[in-house]
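In: here is a sequence with its predicted model. Questions after.
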Amino acid sequence: MKTRVCIVGGGPAGLTASLYLLRAGIDHVIIEKNEYGGNILEAISIKNYPGIVDISGREYIMCLRSQIDLYDGKFIRGSVTNIEREGDKFKISTKRREIVSDYLIIATGTKRLSSGIEIHNFDNTSFCALCDGSNFKGKSISVIGAGNNGVDSAIYLSNIAKDVTIFSDVDAPSCDHTTYEMAKNIENIKFEFNAKVTDVYRDKLVYQKDGKEVEFETEGTFIYIGFTPETEIFDEVKKDEYGYIYVDKNLKTSVDKVYACGDCIEGSFGQLVTAQATGAQAAISVGKELRKCAF
Ligand SMILES: Cc1cc2nc3c(=O)[nH]c(=O)nc-3n(C[C@H](O)[C@H](O)[C@H](O)COP(=O)(O)OP(=O)(O)OC[C@H]3O[C@@H](n4cnc5c(N)ncnc54)[C@H](O)[C@@H]3O)c2cc1C
């Protein structure tokens, strides 16, 4: 199969890039290995998307899909396992197909780091303080992970919750000094070091400390042991030490005709609105380059 543009990843960034390309009449395909929608499908309640007061991630993606479905999009289900150059084009391979494309937009987002934590119930468990924090007003909650994300989120949550306990499996925080000092001085934040959380239930968590198993009652748990970008598929583009792809202001990578957008790019803000903004920008940039004129 031949196409002008191939978008890899059908999360919010990839879908938005597709919408812009469709509306510009630019032939493209969008490839997704799981369900279209990406990480936002897990959001119970999105309250920070401008113009929409409150919507679940799934409902939001349904709206976006129905908007895209007004046009004749080419959706392909499959996991891209390899991308290589073929002359001045790219050959994109999934298990079943090969697609040859002039341009590439990488929108593969991030996945959770595997953790060794067993989540027995997702009801009171979240991965996003900014998104779900307001559901825990006045409650005693926990944050797992004392890196910058975890401690920053605990600081944010301390203004909403009754108290916040931060669990870390090592003996010191891995966040920066200023963040730690700030958190330490907040009365309703407590640190529990050398405590390796193994299980999360609706109303308690279990951790290992000094060789003993300890149960801890909690009304909510936020897990911050990290995300990692899914960018292994194309090694030619320049990435930072964690694998986030470097892009310029037009979302262009270090490789000609390859663009990247969304949470997988270096400096991404990890938000729906920002992922989609870069998706739109990448599509517009590709359009400009393809047509050698304004989009
Ligand atoms: C639980 C949760 C709640 C959240 N709530 C909010 C919120 O309320 N507000 C907010 O602003 N943000 C929220 N976020 C963040 C938001 O979901 C992300 O910023 C957004 O999804 C990023 O979009 P993306 O398209 O860049 O990446 P992703 O959502 O990660 O999508 C990338 C897609 O690429 C696909 N993919 C990866 N590799 C391949 C491959 N090799 N082949 C084919 N497909 C591939 C993946 O399957 C995935 O569908 C939340 C995140 C989580 C986890």
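Out: Sure thing, it's come through. Numbers count the residues shown, from 1 in each chain.
In: quick one, what contacts the residue of the stretch 51-200 of the chain found nearest the ligand?
Out: Proximity of the stretch 51-200 of the chain to the ligand (Cβ to the nearest ligand atom) peaks at residue 109, 2.0 Å away. Every residue, glycine included, has its C-beta placed from N, CA and C. For residue 109, the contact set (Cβ atoms under 8 Å, 6 or more residues apart in numbering) comprises 9, 11, 13, 38, 39, 229, 230, 262, 263, 264, 275.
In: repeat that with 7 Å
Out: Counting by Cβ atoms under 7 Å, 6 or more residues apart in numbering, residue 109 makes contact with 9, 11, 13, 38, 39, 230, 262, 263, 264.
In: A helix includes the third one, no?
Out: Read that as residue 13. Yes: Residue 13 sits within a helix when classified using DSSP: H, G, I helix; E, B strand; the rest coil.
In: so who does it touch?
Out: Taking Cβ under 7 Å, 6+ apart, we find residue 13 in contact with 107, 109, 261, 262, 275, 276, 278, 279.
In: could you do the fifth one as well?
Out: Contacts of residue 39 were listed using Cβ under 7 Å, 6+ apart, and they are 11, 109, 110.
In: next one: the fourth one
Out: Listed by Cβ under 7 Å, 6+ apart, the contact set of residue 38 reads 10, 11, 12, 109.
In: quick revisit: of the contacts of residue 13, closest to residue 136?
Out: The nearest member of the contacts of residue 13 to residue 136, counting by Cβ to Cβ, is residue 275 at 24.7 Å.
In: just give me the neighbour total for the closest one.
Out: Here the number of neighbours of residue 275 (other Cβ atoms under 10 Å) works out to 28.
In: in what helix or strand does it lie?
Out: helix 272-291 (DSSP states H and E).
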